[in-house]
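In: Sequence first, then the predicted structure:
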Amino acid sequence: MAQQVRELAAYAATHRITIAVMGCRVNGPGETDDADLGLWCGPSTVNLKRRTWKVGTLRLPEVLPRLRAELDRLIAERAAVN
């Protein structure tokens, strides 16, 4: 999952966005709080959040497209502020 996220997010490297990928559903929620986007994995689902706001619990096929959408949204929001 971490390698897939790295490849997916490569286009956003110049935007200084942090993405945390954790494999633990016990510590993952708290450990991803400081990241712009955070993922923590369970046995069959992945949770996605923006900072401390939980976006949702996703099935594996849904994760990367939703992450891409959230990444695009975050980039657009930052561009609108600047």
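Out: Done, it's in. Fair warning: this is a prediction, and the values are worked out from it, not measured in the lab.
In: does Ala79 count as helix, strand or coil?
Out: helix (DSSP: H, G, I helix; E, B strand; the rest coil).
In: what's the burial count for it?
Out: Look at Ala79: counted by other C-beta atoms under 10 Å, it has 9 neighbours. (Each C-beta comes from the backbone N, C-alpha and C, glycine too.)
In: now the strands: where do they sit in this structure?
Out: Per DSSP state E, the chain carries strands over the ranges 19-22, 37-41, 45-50, 53-59.
In: Relative to Ala80, which of these is closest?
Out: strand 45-50 (15.7 Å; C-beta to C-beta).
In: Helix or strand, whichever it is, which one in the protein has the lowest mean pLDDT?
Out: Least confident helix or strand of the chain, by mean pLDDT, DSSP states H and E, is helix 28-31 with a mean of 70.
In: any idea which of the strands of the chain is most buried?
Out: Greatest average neighbour count among the strands of the chain goes to strand 37-41 (a mean of 23), per mean count of other C-beta atoms under 10 Å.
In: what's in contact with that strand?
Out: With C-beta atoms under 8 Å, 6 or more residues apart in numbering as the test, strand 37-41 has contacts from 1, 5, 17-25, 28-29, 31-32, 46-51, 63, 67, 70-71, 74.
In: Below-threshold pLDDT in the chain: ranges please.
Out: 25-30, 82 (pLDDT under 70).
In: Tell me how many other residues crowd Val63.
Out: 20.
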